[in-house]
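Student: My questions are about this predicted structure, shown below with the sequence.
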Amino acid sequence: MDRWIGKTAVVTGAASGIGQAITCALLRYGVNVAAIDIMNEKLNELKARKEQQEFPGILETIWCDVSFEEELNKAFEQIETRMKGVDIMINNAGYCEYSRVIDSDWKSFQLILNTNVTPYAACMNKAVHSMRNRNVEGHILNINSVLGHYIPPKSCEGIIDAAFDFNLYVASKHATVALTHTVRREIADIKPPIRITSISPGLVKTNIVSRSEKVRNVFEKLSSLQPEDIADAIIYALGTRQEVQITELTIQHTGEFP
């Protein structure tokens, strides 16, 4: 990780859960972090934690709703001005919709796509431009999901009432997995020193299910990973030699199936 000391990482959804764990891990290794999130209060808590623990990395917090193009553009303009560009891009911001596609509506489709899919593409685009303009080594890591690799069978749905199926979320994660590997191929064609990694966790203990007490009660009974487990995976992928590309890393709690 020594070669990343003093470099700039952008983390979306940085103020809580997996994003917060990743941000703290990077700061601990001396990486400077632009922490993007929609929750101002959580960003302030992140700043306070950074000051208390005296991480060597520099933290810049940026309020931004990644589902809006103008706000995302402003966030990256700040990063270019204040932090001289992007060296590491970590797409993590996400939203979970508890509904079946056939029971949902346009507003739900738009919300999950504009939060889970479009910003991943936009951030990868901006990060690659920043890296290539400065001719630097870069790494893009997308927090995807095991649900981006398979459709949960009906037998798995027995623990979850059909009223909050994850079908829209599953579709969005299939999209981000496809985006990740598509961009990896595009990068391979032009051969800049940029690596692309898909991180696909299983169940992780975060607040993504906090909107529904019913969902939360179900998931609290299941074994799950901690956000720090995902942060460890990020550090592992970043720490490999430049000639080594971790294209896909799946992480699940021991015994989780499939």
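Tutor: Structure received.
Student: Can you classify the closest residue in space to Arg49 that isn't next to it in sequence by secondary structure?
Tutor: Leaving aside its sequence neighbours, Arg49 sits nearest to Cys24 (Cβ to Cβ, 6 or more residues apart in numbering; 7.0 Å). To be clear about C-beta, it is placed using only N, CA and C from the backbone, and glycine gets the same treatment. Three-state call for Cys24 (DSSP: H, G, I helix; E, B strand; the rest coil): helix.
Student: which residues touch Cys24?
Tutor: Taking Cβ atoms under 8 Å, 6 or more residues apart in numbering, we find Cys24 in contact with Arg49, Lys50, Gln53, Phe55, Ala231.
Student: who's in contact with the third one?
Tutor: By Cβ under 8 Å, 6+ apart, the contact set of Gln53 is Cys24, Arg28.
Student: Same question for the last one.
Tutor: When contacts are counted by Cβ under 8 Å, 6+ apart, Ala231 touches Ile18, Ala21, Ile22, Cys24, Ala25.
Student: Dump the C-alpha coordinates for stretch 97-110 into CSV.
Tutor: Coordinates of each C-alpha in stretch 97-110 appear next as CSV, following Å, rounded to 0.1, in the frame of the first residue of the first chain:
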residue,chain,number,x,y,z
GLU,A,97,-36.0,-1.1,-3.0
TYR,A,98,-38.2,-3.8,-1.5
SER,A,99,-40.5,-4.6,-4.3
ARG,A,100,-41.1,-6.9,-7.3
VAL,A,101,-40.7,-5.4,-10.7
ILE,A,102,-44.3,-6.2,-11.6
ASP,A,103,-45.6,-4.4,-8.5
SER,A,104,-43.4,-1.3,-8.8
ASP,A,105,-43.6,1.9,-10.6
TRP,A,106,-41.6,4.4,-12.7
LYS,A,107,-40.5,6.4,-9.7
SER,A,108,-39.0,3.3,-8.0
PHE,A,109,-37.3,2.2,-11.3
GLN,A,110,-35.8,5.7,-11.7
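Student: May I see the buried residues of that stretch?
Tutor: Buried positions in stretch 97-110, judged by neighbour count with 16 or more other Cβ atoms under 10 Å: Glu97, Tyr98, Ser99, Ser104, Phe109.
Student: State the helix or strand in which Ala231 lies.
Tutor: Taking DSSP states H and E as the definition, Ala231 sits inside helix 227-239.
Student: Just the mean pLDDT for that helix, thanks.
Tutor: In this model, helix 227-239 has a mean pLDDT of 98.
Student: cool, stretch 14-28 as well?
Tutor: Taken as a whole, stretch 14-28 carries a mean pLDDT of 97.
Student: Nearest the geometric middle of this structure, what residue?
Tutor: In the chain, the centroid-proximal residue (Cα atoms, centre = their mean) is Asn92; its distance is 1.5 Å.
Student: and the helix holding Ala231, C-alpha only, in CSV?
Tutor: Extracted C-alpha coordinates of helix 227-239, given in CSV (Å, rounded to 0.1, in the frame of the first residue of the first chain):
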residue,chain,number,x,y,z
PRO,A,227,-18.2,-3.5,6.9
GLU,A,228,-14.6,-3.8,8.0
ASP,A,229,-14.4,-7.2,6.1
ILE,A,230,-15.2,-5.4,2.9
ALA,A,231,-12.6,-2.6,3.7
ASP,A,232,-10.0,-5.4,4.2
ALA,A,233,-10.8,-6.7,0.7
ILE,A,234,-10.3,-3.2,-0.8
ILE,A,235,-6.9,-2.9,0.9
TYR,A,236,-6.0,-6.3,-0.4
ALA,A,237,-6.9,-5.5,-4.0
LEU,A,238,-5.1,-2.1,-3.9
GLY,A,239,-2.0,-3.7,-2.4
